[in-house]
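# Predicted model follows, preceded by the sequence.
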Amino acid sequence: MKASKLFLTVVLCSGLAFGYGLLGCGDDDGENGPGGGCTVNADCDDDLFCNGAETCLDNVCQAGTPPDCDDGVDCTVDSCNEDTDACDNTPDDGECDDGLFCNGAETCDAILDCVAGVEPCDDPLDCDEDNDQCDDGPALLPAELLSVDSGCDTYIGAHPVAPGAMLCGAGGDELCVLEYDFCANGDSEKRWNPSPGEAIPGDTVGTGTWSYDGNELTIDTTATILGSPSDTVETYDIAFTYDDGARLDLHSAAQITPGDGSTVVGDYERHASTVATTGGAFAATIESTADTTMTVTDGAWEATLVEDNECTGSLFVCGMVPPGGTTESSGTVIMPGSLYELGSTYILQVDDALVLEKQ
């Protein structure tokens, strides 16, 4: 029986060679999928999409080729979804994030790839990258009132010829190069060059005192002019240092205390004065004032400078003093760059030419 049965099996299966198409021959595991016996592709289908469509080749099931889900967009996450029999290309915004706050949040578009963000602040200058936030107030630079803790600090720079024009030669628009020493004990020394064409302080030296209570800086020095003592008292309503104390501004700033602390719009003012007294044959007293009012509106400023010089005494000396007058000017508020903060007070700096450098 075993032999007959074996013979029958051989005969039946050999019938395949003659096209009988009998079933039950080939791989005896009878399972679909790669390696299984088959006659048509459907015999090999494992009902899975993500591993590709299986095929039947020479009565043996062949593995399929997985679908290519790469959409060519760098910021999408590409995967195969067995539940939907489809590819998923999911946008991932994190792939586009450049780590910066002030240029906005980048996003991933399934077609366009990474898309630039929208700046989060109405004014880009109000954006604080360090703290990832928009500042409600203006961009202000830190500043400190002039002070000397120990020893003496020396500052050198150019000042206008007026007020106190007689100390710097002829009038006009030329600048007088000055050098100041401010000492912690209240002593002060001032050196200047009588010739505005010289770019270094000259041999004229005034010694005296200085004081500053935060509201008015007073510099009182005495020098020898034309062989006689000359006393000069300078007053400024604000004197502040910035750039970590490297620069000092005496003349070119005006101040305002904003009502709500969030805008620089408003009216600013500044005041400076000089009283110079000479003795001897050319005795005279020169009183000079420079008052400026400024109005800031929407990033621009307009200023009116009123200068007044009064001289009594020597006609020779008084003839060297330029007349007063009114000057109109205007400009743009640079943020940051021309605005400084001293506590709750804002400082508007409009002319860097008058800044002194710390030595």
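That came through fine. Only a predicted model underlies this, so the values are computations on that prediction, with no experimental measurement involved. Numbering: from 1, shown residues only.

# pLDDT weak spots in this structure?
Along the chain, the model assigns pLDDT under 70 to residues 1-36, 124-125, 135-139, 158-176, 193-203, 226, 251-263, 334-337, 343-344, 350-354.

# Can you pull the domain assignment for it?
Annotated domains of the chain cover 85-134, 141-358 [automatic domain parsing].

# deepest of the ones you listed, which one?
domain 141-358 (a mean of 17; mean count of other Cβ atoms under 10 Å). No exception for glycine: its C-beta is placed from N, CA and C like everyone else's.

# Any idea how far apart the tips of that one sit?
Start-to-end span of domain 141-358 (Cα to Cα, to the nearest Å) is 18 Å.

# With stretch 45-52 instead?
End to end - Cα to Cα - stretch 45-52 spans 9 Å.

# now the strands: where do they sit in the stretch 151-300 of the chain?
152-160, 175-183, 187-192, 204-212, 217-225, 228-236, 240-242, 247-249, 253-256, 266-278, 284-297, 300-313 (DSSP state E, counting those that start in this stretch).

# got a markdown table for those strands, with distance to residue 47 too?
Shown next, in a markdown table, are those (distance: least, Cβ to Cβ, whole Å):
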| stretch | distance to residue 47 |
| --- | --- |
| strand 152-160 | 87 |
| strand 175-183 | 90 |
| strand 187-192 | 96 |
| strand 204-212 | 89 |
| strand 217-225 | 90 |
| strand 228-236 | 90 |
| strand 240-242 | 76 |
| strand 247-249 | 79 |
| strand 253-256 | 78 |
| strand 266-278 | 77 |
| strand 284-297 | 75 |
| strand 300-313 | 74 |
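
# Those strands: which one's closest to residue 86?
Distance to residue 86, taken as Cβ to Cβ, is lowest for strand 300-313 among these, at 59.7 Å.

# who does the next helix-or-strand element following that closest one touch, helix- and strand-wise?
Counting by DSSP states H and E, the next helix or strand C-terminal to strand 300-313 is helix 315-318. Packed against helix 315-318 by the contact rule (3 or more Cβ pairs under 8 Å, 6 or more residues apart in numbering; DSSP states H and E) you find strand 284-297, strand 300-313.

# Dump these to TSV, plus distance to residue 184.
Rendered in TSV, the data for the helices and strands packed on helix 315-318 read as follows (distance: least, Cβ to Cβ, whole Å):
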stretch	distance to residue 184
strand 284-297	29
strand 300-313	33
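
# out of these, which comes closest to residue 91?
strand 300-313 (44.1 Å).

# Residues in contact with the closest one: which ones?
By Cβ atoms under 8 Å, 6 or more residues apart in numbering, the residues outside strand 300-313 that reach it are 162-163, 165, 254, 268, 278, 282-295, 317-318, 321-333, 348, 350.

# and that strand with strand 266-278, angle?
Interaxial angle, strand 300-313 versus strand 266-278 (axes from the mean of the first three to the mean of the last three Cα atoms, to 10 degrees): 20 degrees.

# what pairs with strand 300-313, and is each one parallel or antiparallel?
strand 284-297 (antiparallel), strand 325-332 (antiparallel) (DSSP bridges).

# Distance of the closest residue to residue 80 other than its chain neighbours relative to residue 323?
In this structure, residue 80 finds its nearest non-sequential neighbour in residue 50, 3.9 Å apart by Cβ to Cβ, 6 or more residues apart in numbering. Distance, residue 50 to residue 323, using Cβ to Cβ, to the nearest Å: 93 Å.

# Ok, residue 239 next?
Distance, residue 239 to residue 323, by Cβ to Cβ: 27 Å.

# do residue 272 as well
17 Å.

# Kindly report the same for residue 114.
66 Å.

# What of residue 131?
52 Å.

# same thing with residue 63?
Noted for residue 63: a distance of 102 Å to residue 323, by Cβ to Cβ.

# What sits closest to residue 317 if chain neighbours are left out?
Residue 317 sits nearest to residue 284 (Cβ to Cβ, 6+ apart), 3.9 Å away.

# Looking at the helices and strands packed on helix 315-318, spot the one closest to residue 88.
The nearest among the helices and strands packed on helix 315-318, by Cβ to Cβ, is strand 300-313 at 54.8 Å.

# Settle this for me: residue 348 is touching residue 264, isn't it.
Yes: Residue 348 lies in contact with residue 264 (Cβ atoms under 8 Å); the separation is 7.2 Å.

# what sits against residue 62?
Counting by Cβ under 8 Å, 6+ apart, residue 62 touches 34, 44, 54-56.
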